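[1] heads up, no residue letters with this:
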């Protein structure tokens, strides 16, 4: 009789479980509970990535202003001074709250004209998707700004009058002095060999000076 009672009770329990699984009443609450976790996660991710995007926009604006400001003195100061000035100027413009700190890289070159390139790298600390073990703790952001100015190469042709009329009133002497002063100024402007080429063309008649007479200003 005892065994029959146990079997009967187990049958009742099975029926109750089956009825519970079939019951659709009150199913909104558990479905909402299950759906709440990914919904909140997606909302949090949207907030974190929006904040990262806004910080990158602000960083790009500060970097553009820094590059333009540093271009004025990039060719006249040392590399260390340029980097320090760029860092101080950028830090005064960009508010770094919520980031891991900005790594600034400054590079000035004269290979293809004067060019100043500044890059900034940092990471935004997340608030909502920073789940230990499975979340994203940092969102990396980067900005880059380039300013280019000046001529790559300068070519100058001087057509000098050497006709007979230049013999009077020291005209030829004045012409030589003016031509030499101009060439000296162009030489000072050249930063490396080949930046400036000067051609001298006699006004009265074409002259072949020969390849051995050519020169560069460096």
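    In hand now; what should we look at? Keep in mind that this is a model prediction, so the values were computed, not measured.

[2] mind giving me the domain split of the protein?
    28-149, 154-213 (automatic domain parsing).

[3] can you tell me the closest non-neighbouring residue to the residue nearest to the spatial centre of the chain?
    Centroid-nearest residue in the chain: residue 144, 0.3 Å away (criterion: Cα atoms, centre = their mean). Counting by Cβ to Cβ, 6 or more residues apart in numbering, residue 144 lies nearest to residue 119, which is 4.7 Å off, once chain neighbours are set aside. Where you see a C-beta, it was placed from the backbone N, CA and C, and this is true even at glycine.

[4] so which helix or strand takes in the one you found?
    strand 114-125 (DSSP states H and E).

[5] list the contacts of the following helix or strand past that strand.
    Toward the C-terminal end, the helix or strand that comes next after strand 114-125 (DSSP H and E) is strand 138-149. Strand 138-149 is contacted from outside by 48-49, 52, 55-56, 59-60, 63-64, 66-68, 71, 100, 112-126, using Cβ atoms under 8 Å, 6 or more residues apart in numbering.

[6] which among these end up buried?
    Among those, those scoring as buried are 48-49, 52, 55-56, 59-60, 63-64, 66-67, 71, 114-116, 118, 120-124, 126 (criterion: 16 or more other Cβ atoms under 10 Å).

[7] buried residues in the one helix or strand residue 179 maps to, which are they?
    Using DSSP H and E, residue 179 maps to helix 171-189. Residues 172, 175, 183, 186 are the ones in helix 171-189 that count as buried (16+ other Cβ under 10 Å).
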